[in-house]
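S.K.: quick one: sequence plus predicted model below, questions after.
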Amino acid sequence: MEGKHPITYFFAKTQVNIRRYYDKREREKGKGKKYKSVKFVVSTSMRNTQDQIRKTKYAFSLVEMIIMVAILGILAAIVLPIFQGHITKAKEAAAKDTLRILRNAIELYAAQHNGVPPGYPDDDPTSTPMSAVFFEQMVRGNYLSKRPKNPFSGKIRIQVIGNAETFPTEPDIDTGGWIYQPATKTIKLNWPGTDSEGITYFDY
């Protein structure tokens with residue numbers, strides 16, 4: 001039965017049994033013997049087929065496996081970009097929300113410290129700003145619950161730009177997750193490329 005469908009096997013077996021039945025009846029015709037009905041022959045073939053099905057272990061053929069792999073590949077090609085697109089949009093939304101929180105916290109700190117934004121040691125705007133000071137003032141002062149993480153790079157370090165320095169025009173992912181200049185209260189996402197709407201991440 002290997003390689004045959006159970007229904008095909010049943011009809012083939014039944015046909016053989018019926019042919020044998022009639023051949024035998026013709027050979028012994030007139031000898032007074034009683035023969036079982038054709039219905040019995042069919043039912044016997046059906047029972048034999050069912051027994052054979054129970055004993056047979058089916059496996060995928062090479063062609064079936066190739067077709068299955070091809071179908072899975074097509075489904076993956078359709079689903080994966082959609083899934084990745086959702087992940088990217090979630091990161092974009094997280095980046096925008098984190099920047100909003102950071103900017104509001106910077107403005108609030110400055111408003112409560114005579115206009116001096118966070119990052120300056122001892123709130124002295126003439127001193128050199130430092131990232132460690134920024135986080136200490138933000139987190140310990142309860143302006144932020146924790147150090148924010150860049151959702152794309154996973155980095156929390158902030159690159160602080162001094163008063164006399166020019167703010168970078170392009171991101172540099174090796175310097176941290178964020179770029180901040182206390183003198184202008186400017187903070188940006190340190191990540192290259194554009195989002196799903198064509199907006200540059202650095203311009204968020």
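M.R.: Yep, that arrived. Numbering: from 1, shown residues only.
S.K.: find the nearest non-adjacent residue to residue 150, please.
M.R.: The shortest distance from residue 150 to any non-neighbouring residue, by Cβ to Cβ, 6 or more residues apart in numbering, is to residue 177 (3.0 Å). C-betas here are computed from N, CA, C, even on glycine.
S.K.: and the gap between the one you found and residue 67?
M.R.: For residue 177, the distance to residue 67 (Cβ to Cβ, to the nearest Å) stands at 47 Å.
S.K.: of those two, give the one with the bigger neighbour count.
M.R.: Shown here are residue 177 and residue 67; by other Cβ atoms under 10 Å, residue 177 has more neighbours (23 against 12).
S.K.: isn't the more buried one up against residue 155?
M.R.: Yes: if you go by Cβ atoms under 8 Å, residue 177 and residue 155 touch, sitting 3.5 Å apart.
S.K.: need the overlap of contacts for those two.
M.R.: Residues touching both residue 177 and residue 155 (Cβ atoms under 8 Å, 6 or more residues apart in numbering): 149, 190.
S.K.: tell me which helix or strand in this structure has the weakest average pLDDT.
M.R.: The weakest-scoring helix or strand in the chain, judged by mean pLDDT, DSSP states H and E, is helix 38-55 (a mean of 53).
S.K.: name the next helix or strand downstream of that helix, please.
M.R.: helix 62-112 (DSSP states H and E).
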